[in-house]
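Novice: Structure here, sequence nowhere to be found:
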């Protein structure tokens, strides 16, 4: 696999109007672990890294300027798929935290068990057991 050993080589990157609330929802309700959160003097999240298993997402605040913020202006929500071992337990955690569920845990034709949720700013998160086999 490409990249540095032990590190993912693909990082979904999202911008939020309220990145602090997003970090809270993703960690408390959806089981991510906070790796790093950097805030500017204005209190906006400049950059955050959250991990789940051996994958990670990066996120920040909308409206903080810069090329990425400009490029993402007006962009719609994003969809991210996250592999988890215990889909039903993960789902129950999300439900217990009031996360909007779009599809309850469902066995798929291709052998995965997945559920789908929408975060507080409209991004779609799918959690399931399907993990593409990447040969390097």
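Specialist: On my side now, so go ahead. These numbers come from a predicted model, not from an experiment. Numbering: from 1, shown residues only.

Novice: just the helices in the chain please.
Specialist: For the chain, the helices defined by DSSP state H occupy 19-28, 67-72, 87-96.

Novice: out of the ones you listed, deepest packed?
Specialist: For those, average neighbour numbers computed from mean count of other Cβ atoms under 10 Å are highest in helix 19-28, which has a mean of 18. From N, CA and C alone the C-beta is placed, and that goes for glycine too.

Novice: just checking, what packs against that helix?
Specialist: Contacts defined by 3 or more Cβ pairs under 8 Å, 6 or more residues apart in numbering; DSSP states H and E place helix 19-28 against strand 33-39, strand 45-52, strand 55-61.

Novice: and it, average pLDDT?
Specialist: The average pLDDT for helix 19-28 rounds to 98.

Novice: now do stretch 92-111
Specialist: Rounded mean pLDDT across stretch 92-111 is 97.

Novice: which residues touch it?
Specialist: The list of residues contacting stretch 92-111 from outside it, by Cβ atoms under 8 Å, 6 or more residues apart in numbering, reads 25, 28-31, 87-88, 91, 113-119, 124, 127-130.

Novice: make it 7 Å
Specialist: For stretch 92-111, contacts defined as Cβ atoms under 7 Å, 6 or more residues apart in numbering pick out 28-31, 87-88, 91, 113-118, 130.

Novice: Rebuild those as JSON lines, extending it with distance to residue 60.
Specialist: Listed next are the contacts of stretch 92-111 as JSON lines, based on distance: Cβ to Cβ, whole Å:
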{"residue": "28", "distance to residue 60": "19"}
{"residue": "29", "distance to residue 60": "20"}
{"residue": "30", "distance to residue 60": "18"}
{"residue": "31", "distance to residue 60": "21"}
{"residue": "87", "distance to residue 60": "29"}
{"residue": "88", "distance to residue 60": "32"}
{"residue": "91", "distance to residue 60": "28"}
{"residue": "113", "distance to residue 60": "32"}
{"residue": "114", "distance to residue 60": "27"}
{"residue": "115", "distance to residue 60": "27"}
{"residue": "116", "distance to residue 60": "24"}
{"residue": "117", "distance to residue 60": "21"}
{"residue": "118", "distance to residue 60": "20"}
{"residue": "130", "distance to residue 60": "28"}
